[in-house]
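Visitor: have a look at this fold, sequence not included:
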């Protein structure tokens, strides 16, 4: 059977999936070449081999070479450099639901697609769930640093904004608070991990916590250096906090395959609630103590 003997909509789907399988094979092969882990390399090569086999099965119905999406190959290769292999592979696999639905639909007219469907649902989920990556062991440390920075510093800056009403003083107070809190959190994480007999690298865990905290501090303080009015600066500080929560929650949801909406709601509710309470405390201190800075 070839495409001309198929229903037009079936032929179109076969061609689309043919190109997608070819593209995915290139992505996994590229990821396999750049990983230093022998374990990860074998897993990625196995996935690439599966995708090439799917491509060849579908290619038997076409009379053309596959159209590989080079943009997607380059994009996912770069994403793996920035966010790691597990994030990238899970992000690709997050789109498998559509592929599974497509192959389920094709199975009615193209029995061979059932083999691909079985392979997609059985092998690839298992392989991507087995990816090992050093940085993922320290997600809890990054979450600790981000959460603490977002809650503490967002609240502190909201309070400083109303109490001090001067961007230079707010920025200075926020910077001192942020640096001190960074060192404190990193030291606490180091001591906590060192006390854990199963933890081999307490210093690395402390570094992940400290770096995550300090980067968040820098993002939250930036508006106070860019805008002249304290309330405008606070507004963009909260916008930055929301973007940090959005980005990191998405990253964690992809890596851990957890609910994005639930995690996002929890983090933003806690952070902004603390900011509101601190804002009111700062306003109260300014009014009751009659501060005029």
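Guide: It's in. Since we're looking at a predicted model, the values are computed, not measured. Residues are numbered from 1 along each chain as shown.
Visitor: low-scoring stretches of the stretch 1-150 of the chain, by residue?
Guide: Flagging of the stretch 1-150 of the chain using pLDDT under 70 yields the residue ranges 1-2, 4, 94-97, 122-138, 140.
Visitor: tell me where it has helices.
Guide: Secondary structure of the stretch 1-150 of the chain by DSSP state H, counting those that start in this stretch: the helices cover 8-34, 38-59, 70-83, 85-93, 96-106, 113-119, 125-129, 139-164.
Visitor: for the ones you listed, give me TSV that also has distance to residue 224.
Guide: C-beta coordinates here come from the backbone N, C-alpha and C atoms, glycine included. Listed next are these as TSV, based on distance: least, Cβ to Cβ, whole Å:
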stretch	distance to residue 224
helix 8-34	39
helix 38-59	42
helix 70-83	28
helix 85-93	31
helix 96-106	43
helix 113-119	54
helix 125-129	42
helix 139-164	8
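Visitor: let's have these in a markdown table, adding mean neighbour count.
Guide: Compiled in a markdown table, those are given as follows (neighbours: other Cβ atoms under 10 Å):
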| stretch | mean neighbour count |
| --- | --- |
| helix 8-34 | 19 |
| helix 38-59 | 19 |
| helix 70-83 | 14 |
| helix 85-93 | 22 |
| helix 96-106 | 16 |
| helix 113-119 | 18 |
| helix 125-129 | 15 |
| helix 139-164 | 23 |
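Visitor: quick one, which of those is nearest to residue 196?
Guide: Of all the helices of the stretch 1-150 of the chain, helix 139-164 sits nearest to residue 196, with 11.4 Å by Cβ to Cβ.
Visitor: what pLDDT, on average, does the helix or strand just after the closest one get?
Guide: On the C-terminal side of helix 139-164, the closest following helix or strand by DSSP states H and E is helix 167-194. Helix 167-194 carries an average pLDDT of 87.
Visitor: elements contacting helix 167-194?
Guide: In terms of contacts (3 or more Cβ pairs under 8 Å, 6 or more residues apart in numbering; DSSP states H and E), helix 167-194 is packed against helix 139-164, helix 202-226, helix 230-256.
Visitor: and the longest one, what's its mean pLDDT?
Guide: Just to be clear, that refers to helix 230-256. Mean pLDDT, computed over helix 230-256, is 85.
Visitor: now that helix: buried residues?
Guide: 230, 233-234, 237-238, 240-242, 244-245, 248-249, 251-255 (16 or more other Cβ atoms under 10 Å).
Visitor: so who does residue 22 touch?
Guide: Residues near residue 22 by Cβ atoms under 8 Å, 6 or more residues apart in numbering: 51, 52, 55, 66, 67, 68.
Visitor: does residue 245 touch residue 270 like I think?
Guide: No - contact between residue 245 and residue 270 fails when scored by Cβ atoms under 8 Å: they sit 9.5 Å apart.
Visitor: quick check, distance from stretch 142-153 to the centre of its chain.
Guide: Stretch 142-153 sits 16 Å away from the centroid of its parent chain (Cα atoms, centre = their mean, to the nearest Å).
Visitor: hmm, who's touching that stretch?
Guide: With contact meaning Cβ under 8 Å, 6+ apart, stretch 142-153 is reached by 174, 177-178, 181-182, 185, 189, 208-214, 216-217, 220, 241, 244-245, 248, 252, 267, 270-271, 274.
Visitor: which among those residues end up buried?
Guide: By neighbour count, with 16+ other Cβ under 10 Å, these hold 174, 177-178, 181-182, 185, 189, 208-210, 212-214, 216-217, 220, 241, 244-245, 248, 252, 267, 271, 274 as buried.
Visitor: what count of nearby residues applies to residue 260?
Guide: Look at residue 260: counted by other Cβ atoms under 10 Å, it has 14 neighbours.
Visitor: please name the nearest non-neighbouring residue to it.
Guide: Among residues not flanking residue 260 along the chain, residue 253 sits closest, at 3.8 Å (Cβ to Cβ, 6 or more residues apart in numbering).
Visitor: which residues sit in contact with the most centrally placed residue in the chain?
Guide: In the chain, the centroid-proximal residue (Cα atoms, centre = their mean) is residue 251; its distance is 1.5 Å. Residue 251 makes contact with 83, 87 under the criterion Cβ under 8 Å, 6+ apart.
Visitor: swap in residue 194?
Guide: Contact partners of residue 194, counting by Cβ under 8 Å, 6+ apart, are residue 202.
Visitor: hang on, residue 246 packs against residue 264?
Guide: Yes - in this structure residue 246 lies within contact range of residue 264 using Cβ under 8 Å: 6.5 Å.
Visitor: what distance do you get for the residue nearest to the centre of the chain to residue 105?
Guide: 32 Å (Cβ to Cβ, to the nearest Å).
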